[in-house]
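Trainee: here you go, sequence then predicted model.
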Amino acid sequence: MAKQLFGTDGIRGVAGESPLDRRTVHAVGLALGKDLMTRGTPGEALIGMDTRESGPWIAAELAAGLAAAGIRSRFAGVVTTPGVAYLTRSDEFSAGIMISASHNPFQDNGIKVFATSGFKLPDAEEHLIEEEIFRVLPGVQPSGAESLEADPGLDREYLEHLLASIRTPLDGMTLVLDCGNGAASHLAPDLFRRAGASVHAINATPDGRNINLNCGALHVERLRAEVLARGADAGVAFDGDADRAILVAGSGKIVDGDHVMLIAARQMKADGHLEGSTVVATVMSNLGLERALAAEGIGMVRTPVGDKYVLEEMERRGARLGGEQSGHVIFREYATTGDGMLTALRVFEIAVASGKTLDELTDGLEIYPQRLVNVRVKERRSLEEMPHVNAAIAACNSAFDSRGRVLVRFSGTEPLARVMVEGPDLPLVEEFSRRIADAIRAEIG
């Protein structure tokens, strides 16, 4: 049976509405607590959140549910998702819970769960917890608590971990940081200043409602303008929970996750640290990355969208580098999830050590035109059941032959079908993305 609550990145929805109403959130804590007790991993769970105004009461209800199952909790307050993953593993918490809806607007929120290993829960365990949530939900009475007292030392512990990973100080670099008014707002400026850079931070004054608001990793226009206006060496934008980063070169060029993976893969191979000469990416990574890596003698393996699936494949292959075009990049030597601040540190270190700009470091990556169209749908249906969509996809594949790609998938967090068309000819890419999207609208829109 398909999961009903957990998507590709935890449970997500509008705060205050099902499944993020108080009763269900309390039930999530209770079900997770029961799961931990059943697996023989009691002890303390860690809870962290980003800067959304709904975060404190969601944390309080989760903690109350955990307590009802016999699990204590500690509250890190505002911290990044990779910070929760790291602390869960390093401090041996029984589980880690991050309250965030990533790049979504403030009205939304979500619950991501990490095992004591620092890895996101496998699908099978999420399914069992989901069954328990529905079992206990009818008898749940929410606590009504509004907030928890945060332990101020936890986020500092994570920051020290990142600082300890630095091999080449960023002395002499001038950086602009767009913190997205999210979880990176109080951590990222401190981190990069202590790393040696001269830092100008923007969108670092969260008020509970301005997270991701025309800023951060999905809106890099202001960051790009600031980098150019200040003559900075580079800039970096984080999303709400700072598990992804989009960089901007001093020239204004946008450097996404595909660019980052090429930069890192080249350096790691040169250093002898790229296990198996393989990078793990998703179906969304550009064909240009695959071909640029191949030119360096580096293979690329694709997974479904979601950094948890990237990580699972990395573990299976023993790969040390993987990620998503969207900016989630996993450096397995240091982390068990995408980490925007760690990603930026690694790239800027490479730039300083090599004496090269981000433009020079991404030389040789030809980005094929790519269009992504989101179609709101009333149901999910397999492609085999949609003949008009199949016909449009077949026509596209025939036109591009082996020089392009079509990907149609359903979002794991929203009622959307996502259509991606990629190829060397932009007018054809736009025509076929429109034709396939129109066919989906006609079938299930």
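Mentor: Received, thanks.

Trainee: D233 touches D171, doesn't it?
Mentor: No. Taking contact to mean C-beta atoms under 8 Å, the distance of 11.6 Å between D233 and D171 leaves them out of contact. Where C-beta positions appear, they are placed from N, C-alpha and C, glycine not excepted.

Trainee: S73 touches G43, doesn't it?
Mentor: No. Under the criterion of C-beta under 8 Å, S73 makes no contact with G43, lying 10.1 Å away.

Trainee: neighbour-wise, which of the two wins?
Mentor: Between S73 and G43, S73 has the larger neighbour count (other C-beta atoms under 10 Å), namely 23 against 12.

Trainee: in what helix or strand does that one lie?
Mentor: Per DSSP states H and E, S73 falls inside strand 72-78.

Trainee: next: V310.
Mentor: Element membership for V310 (DSSP H and E) is helix 307-317.

Trainee: cool, and A237?
Mentor: Under the assignment given by DSSP H and E, the secondary-structure element containing A237 is strand 234-238.

Trainee: repeat that for R302.
Mentor: Counting by DSSP H and E, the element that carries R302 is strand 299-303.

Trainee: for G252, same thing?
Mentor: Assessed by DSSP H and E, G252 sits outside every helix and strand.

Trainee: and the helix or strand just after the strand holding S73, what's buried?
Mentor: If you walk from strand 72-78 toward the C-terminus, the next helix or strand you reach (DSSP H and E) is helix 81-90. Buried residues in helix 81-90, counted by 16 or more other C-beta atoms under 10 Å: 81-89.

Trainee: and what of stretch 286-305?
Mentor: Within stretch 286-305, the residues that qualify as buried are 286-290, 292-293, 296, 298, 300-303, 305, counting by 16+ other C-beta under 10 Å.

Trainee: equivalent analysis for stretch 314-330, please.
Mentor: The neighbour-count check on stretch 314-330 (16+ other C-beta under 10 Å) flags 314, 319-330 as buried.

Trainee: next one: stretch 410-420
Mentor: Of the residues in stretch 410-420, those buried under the neighbour-count criterion (16+ other C-beta under 10 Å) are 410-413, 417-420.

Trainee: just stretch 242-262 next, same as before
Mentor: 242-250, 253-262.

Trainee: same question, stretch 26-45
Mentor: Judged by neighbour count (16+ other C-beta under 10 Å), stretch 26-45 contains these buried residues: 26-36, 41, 45.

Trainee: narrow those to those in strands?
Mentor: Among those, the members found in strands (DSSP state E) are A45.

Trainee: that older thread, looking at the helix holding V310 now, give me its mean pLDDT.
Mentor: Confidence over helix 307-317, taken as the mean pLDDT, stands at 93.

Trainee: returning to that earlier point: now do the strand holding R302: distance to the chain's middle.
Mentor: In terms of C-alpha atoms, centre = their mean, to the nearest Å, the gap separating the centre of strand 299-303 from the centre of its chain is 18 Å.

Trainee: what angle sits between it and helix 307-317?
Mentor: Our comparison of strand 299-303 with helix 307-317, counting by axes from the mean of the first three to the mean of the last three C-alpha atoms, to 10 degrees, yields an angle of 130 degrees.

Trainee: what comes into contact with strand 299-303?
Mentor: Contact with strand 299-303 is made by 276-283, 285, 289-290, 293-294, 309-310, 312-313, 317, 319, as judged by C-beta atoms under 8 Å, 6 or more residues apart in numbering.

Trainee: can you show me the CA trace of it as PDB?
Mentor: What follows is the C-alpha trace of strand 299-303 in PDB, where atoms were taken according to Å, rounded to 0.1, in the frame of the first residue of the first chain:
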ATOM      1  CA  GLY A 299      30.700   7.800 -14.400                       C
ATOM      2  CA  MET A 300      27.300   9.100 -13.400                       C
ATOM      3  CA  VAL A 301      24.500   7.000 -12.000                       C
ATOM      4  CA  ARG A 302      20.900   8.400 -11.800                       C
ATOM      5  CA  THR A 303      18.300   7.800  -9.100                       C
END
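
Trainee: residue ranges of the helices in this structure, please?
Mentor: Secondary structure of the chain by DSSP state H: the helices cover 22-38, 55-68, 81-90, 123-136, 153-164, 188-194, 221-230, 257-270, 287-295, 307-317, 340-354, 358-361, 387-400, 426-444.

Trainee: helices and strands around the second one, which ones?
Mentor: Under the contact definition 3 or more C-beta pairs under 8 Å, 6 or more residues apart in numbering; DSSP states H and E, helix 55-68 sits against helix 22-38, strand 44-49, strand 72-78, strand 95-99, strand 108-115.

Trainee: turn the ones you listed into a markdown table, columns for distance to E149 and mean pLDDT.
Mentor: Output for the helices and strands packed on helix 55-68, formatted as a markdown table (distance: least, C-beta to C-beta, whole Å; pLDDT from 0 to 100):
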| stretch | distance to E149 | mean pLDDT |
| --- | --- | --- |
| helix 22-38 | 17 | 97 |
| strand 44-49 | 12 | 98 |
| strand 72-78 | 7 | 97 |
| strand 95-99 | 16 | 98 |
| strand 108-115 | 20 | 97 |
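
Trainee: for I129, find the nearest of the ones you listed.
Mentor: Using C-beta to C-beta as the criterion, the shortest distance between I129 and the helices and strands packed on helix 55-68 is 5.1 Å, found for helix 22-38.

Trainee: so where's the stretch 101-250 of the chain uncertain?
Mentor: Low-confidence segments of the stretch 101-250 of the chain, defined by pLDDT under 70: none present.

Trainee: re earlier: what's the closest of the helices and strands packed on helix 55-68 to A335?
Mentor: strand 108-115 (11.6 Å).

Trainee: okay, the angle between that closest one and helix 123-136?
Mentor: Calculated by the same axes, to 10 degrees, strand 108-115 forms an angle of 120 degrees with helix 123-136.

Trainee: how far out from the middle of the chain is strand 108-115?
Mentor: On the basis of C-alpha atoms, centre = their mean, the separation between the geometric centre of strand 108-115 and that of its chain is 12 Å.

Trainee: how about stretch 56-74?
Mentor: 25 Å.

Trainee: I appreciate the help and will end here.
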